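A.B. asks: Need a 3D model of the sequence below.
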Amino acid sequence: MTDTTSSPETNETTEATTLEATPETPETQTTSATETEPTPDSPAEHPAHPMHKVLSFVRRSGRLDARLQRAWDNYADDYLLDIAPAAGSLDVREGFTLDHDYVRRTWGNDNPLIIEIGTGQGENVVAAAESRPDENFLALEVYDPGVAHTLLLAGKRSLKSIRVAQVNAPELFKACADGVAAEVWTFFPDPWPKMKHHKRRIVQPELAGEIRRTLTEGGIWRIATDIEDYALHVHEVMDDLDGWRNEGGITVSLPTGHVGKGNAELAADMPHADFTESTRFEGRVLTNFEKKGLAAGRVIHDFTYRKA
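C.D. replies: Numbers count the residues shown, from 1 in each chain. The predicted structure is shown next:
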């Protein structure tokens, strides 16, 4: 739930940031940039080296204040999964598999698993874990402050059903066994507003394929954004993708062309078409992040895609 620009969005994460991050959260969802890649504000226009990963966030160092450092020290052993190959790495270590046996060993039960990409400050996933004790939650976040704040919220509530993984979301889903998760949530991912950076958006066909494989039969991927251009992007990626069914029940009108950063007003004069979306997901708490978007007059777009 992290973002750039004036959006209340984030972190996809998966995986679970930003060159133009909002002050609300250090987010992620879902993925970090290498030091060799140009930033969105860099004059470099060359394509990424073919061996480089295209990531949905840019790795930033995030200093922890005393309160968050105490939270990390006090609660990391209880909640933070040790699945990276080395300290500071956002990769998943070779040989690791997130399967039903791992869930049973880690959470101590066989309850349904919900994975949130780009947890941000942890407000939503912690509230969900507190209100839905019969489900297991895995929060994916790449930024240290977001991870620490999620640990703090979970630890203060002594929650047993939540774990946090500080890894790149796409790498995590590659390590997931078939059918291990009941739902995946991606709320307010980084919109990457510049046209040349749309390839960094977390919602992409390749990740959709990994998520579909990870979901149980009939499992759901829930997505939300307050960026109109990102809503169009989600429809373009997901609506006609094999193996998914759009479960929405409301019709929205969107421009049929994309606009770049700073040109959102041009969308009003573009041809529009009707698309199917969902009503607001009741299981998502109204975070400070989302409140800011609503206060700024932005429309929230919710999506419910079911594995078909």
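A.B. asks: what about residue 123, distance to residue 85?
C.D. replies: Counting by C-beta to C-beta, to the nearest Å, the gap from residue 123 to residue 85 is 30 Å. Heads up, the C-betas are built off the backbone N, CA and C, glycines and all.
A.B. asks: neighbour count winner among the two?
C.D. replies: Here residue 123 and residue 85 are compared on neighbour count by other C-beta atoms under 10 Å; more neighbours surround residue 123, at 22 against 12.
A.B. asks: contacting residues around that one?
C.D. replies: 1, 153, 285, 287, 288, 289 (C-beta atoms under 8 Å, 6 or more residues apart in numbering).
A.B. asks: switch to 6 Å and redo it
C.D. replies: By C-beta atoms under 6 Å, 6 or more residues apart in numbering, the contact set of residue 123 is residue 287.
A.B. asks: And the pLDDT at it?
C.D. replies: We note a pLDDT of 97 for residue 123 in this prediction.
A.B. asks: cool, residue 129 as well?
C.D. replies: On the pLDDT scale, residue 129 gets 98.
A.B. asks: does it count as helix, strand or coil?
C.D. replies: helix (DSSP: H, G, I helix; E, B strand; the rest coil).
A.B. asks: Surely it and residue 160 touch.
C.D. replies: No: using C-beta atoms under 6 Å, residue 129 is not in contact with residue 160, being 8.6 Å away.
A.B. asks: ok, those two, which is more surrounded?
C.D. replies: residue 129 (24 against 15).
A.B. asks: and the gap between that one and residue 297?
C.D. replies: Residue 129 is 31 Å from residue 297, where distance means C-beta to C-beta.
A.B. asks: cool, and residue 67?
C.D. replies: Distance from residue 67 to residue 297, by C-beta to C-beta: 33 Å.
A.B. asks: again, but for residue 94
C.D. replies: Counting by C-beta to C-beta, the gap from residue 94 to residue 297 is 47 Å.
A.B. asks: wait, what's in contact with residue 81?
C.D. replies: Residue 81 touches 163, 165, counting by C-beta under 6 Å, 6+ apart.
A.B. asks: give me phi/psi at it?
C.D. replies: Residue 81 adopts backbone torsions of phi -80, psi 140, taken as degrees, to the nearest 10.
A.B. asks: Use 14 as the first number from now on
C.D. replies: Okay, residue one is now 14; in that scheme the one you just asked about reads as residue 94.
A.B. asks: If I look at the residue of the chain positioned farthest from its centre, what pLDDT would I see?
C.D. replies: Relative to the centre of the chain, and counting by C-alpha atoms, centre = their mean, the farthest-placed residue is residue 282 at 30.8 Å. Reading off the confidence values, residue 282 has pLDDT 91.
A.B. asks: Let me see the backbone angles for it.
C.D. replies: phi -90, psi 0.
A.B. asks: now swap in the one 3 residues further on and tell me
C.D. replies: When read as degrees, to the nearest 10, the backbone of residue 285 gives phi -120, psi 160.
A.B. asks: Is it in contact with residue 270, as I believe?
C.D. replies: No: look at residue 285 against residue 270 with C-beta under 6 Å: they stay out of range, at 9.7 Å.
A.B. asks: Report the beta-bridge partner residues of residue 235.
C.D. replies: Applying DSSP bridges to residue 235 gives these bridge partners: residue 198, residue 317.
A.B. asks: Can you dump the C-alpha atoms of stretch 146-159 in CSV for me?
C.D. replies: Written as CSV, here are the backbone C-alpha positions of stretch 146-159 (Å, rounded to 0.1, in the frame of the first residue of the first chain):
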residue,chain,number,x,y,z
PRO,A,146,-8.6,-15.3,13.7
ASP,A,147,-9.6,-18.4,11.7
GLU,A,148,-7.4,-17.4,8.8
ASN,A,149,-3.6,-17.1,8.4
PHE,A,150,-2.0,-13.9,7.0
LEU,A,151,1.3,-13.3,5.3
ALA,A,152,2.3,-9.7,4.9
LEU,A,153,4.9,-8.9,2.1
GLU,A,154,6.8,-5.7,2.5
VAL,A,155,10.2,-4.6,1.4
TYR,A,156,10.8,-1.4,3.4
ASP,A,157,12.3,-1.6,6.8
PRO,A,158,10.0,1.1,8.4
GLY,A,159,6.9,-0.6,7.0
